[in-house]
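Asks: Here's a sequence, model it:
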Amino acid sequence: MDIIQVSIVEPDRMRRKWLATCLCREVDFQIVGIGGDCLEACQSSSVAHVDVLIINVDSIAMTRVRTWAAVHVLLLDARVVALTNGVDDGVLETTLGAGVTALHLLDVEPSVLCRAVRNAARGVVDFDPVLIERAKRVVLQPLAGGQVRYGGLTIDLVKHEVTRWGSHIHLTPLEFKVLAYLAGRDGRTVSLKELLVDVWQAPAHRGGTLAQVHNCIKRIRLKIEPDAKHPRYLCCERGWGYYLNDPTNVDKHGSDSSLVAPTETAPLTLIHEN
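Replies: Model (predicted):
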C-alpha cells in the first residue's frame, strides 16, 4: 500500500486537530507537517516529502500571489486540497487561479475529505459542485462570440487568445492552432494522424511525424495546465489521440471519475486540472 504524506495548514487549533484526527484514522495517510501559518508550515514541511497539502485558504491571506508562489516553490511536487467557507469571491478566484487539485467547504464530511486527499495524490481533480459553480459565476465572464470554454480555460477563436481563470496564457501560432482545432471538436478525441493532416498539413507520406504532435502537446500542457504531469484540460485517450476536457463537470457525488489522465502512448517529460 502506498502511503500518502500529508501536511496541514489550519490556523484554528480545534479544526486543525479535527483534520488530523480524520486523516489518522486512515491507514494510508501519514501526517508529516501541521501548523497554523502557511509559510512556516511549508518551510517545515519542505524537509520531508509531501504528497498533499491541505490548506484553509480563508484564514491565511491566500489572495496574495506571493503566498501561492511560496507554496509551489517550497513544496514543489505537493498537490493542494483547498478548504474554504466559499464566502470571499477573491479567495475563490485566486485559489482556482493557483491551480489547486481539490476545492471543498471547511465543514467537509470526513469521507469526502479523505477521498479528496486520495484523488489529489493521484492528480485527480475533486471539486465541491456548489463551490465550483459559484466560482464559475464569480470569476468567468459570459462567453463572447467566438469563445469556447472548458472549465476555467477560455479559448477565443477570433482574437486568438487563451486565458485560465482570467489569466492570459501565451501560445505560439502553432500551439494555438492545435488547441483551437481540438476546441472545434467539442470534446471528441482527435487522432494524431488527423492532427498531422489537418493542422500540420503534413501526413506521414509527406514527412510528418507523430513526434511533432507529441512535442507540441507537451509544450501546450506546460503552459495551460496547473499540473502538467497530470493534465486536466488537454487529455489523452490511450492509443488514439487527444481531447479537451472540462474538469469542473462534476457528478452528483462531487467528483469526476473520468478525470484520471490516461497513460501517454509515447514518453512525454513534464507532462493531469484538480
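
Asks: Residue 216: neighbour count?
Replies: For residue 216, the neighbour count with other CB atoms under 10 Å is 19. In this view, the C-beta of every residue, glycine as well, is placed from N, C-alpha and C.

Asks: In a helix, it, correct?
Replies: Yes: judged by DSSP: H, G, I helix; E, B strand; the rest coil, residue 216 forms part of a helix.

Asks: Counting neighbours, show which residues of the helix or strand encompassing residue 168 come out buried.
Replies: Element membership of residue 168 [criterion: DSSP states H and E] is strand 167-169. Using 16 or more other CB atoms under 10 Å as the test for burial, strand 167-169 gives residue 169.

Asks: That one: partners in the sheet, and parallel or antiparallel?
Replies: Strands that pair with strand 167-169, judged by DSSP bridges, come out as strand 161-164 (antiparallel).

Asks: Which of the residues in the partner strand are classified as buried?
Replies: Buried-residue list, strand 161-164, by 16+ other CB under 10 Å: 162, 163, 164.

Asks: Report the backbone C-alpha coordinates of the helix or strand following the strand holding residue 168 in CSV.
Replies: Following strand 167-169 in sequence order, the next helix or strand is helix 173-183 (DSSP H and E). Taking C-alpha atoms only, helix 173-183 is exported to CSV below (Å, rounded to 0.1, in the frame of the first residue of the first chain):
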residue,chain,number,x,y,z
PRO,A,173,0.6,30.3,-33.5
LEU,A,174,1.0,26.6,-34.0
GLU,A,175,0.1,25.8,-30.3
PHE,A,176,-3.0,27.9,-30.6
LYS,A,177,-3.9,26.3,-33.9
VAL,A,178,-3.8,22.8,-32.2
LEU,A,179,-5.8,24.0,-29.2
ALA,A,180,-8.4,25.7,-31.5
TYR,A,181,-8.7,22.6,-33.6
LEU,A,182,-9.4,20.4,-30.6
ALA,A,183,-11.9,23.0,-29.3
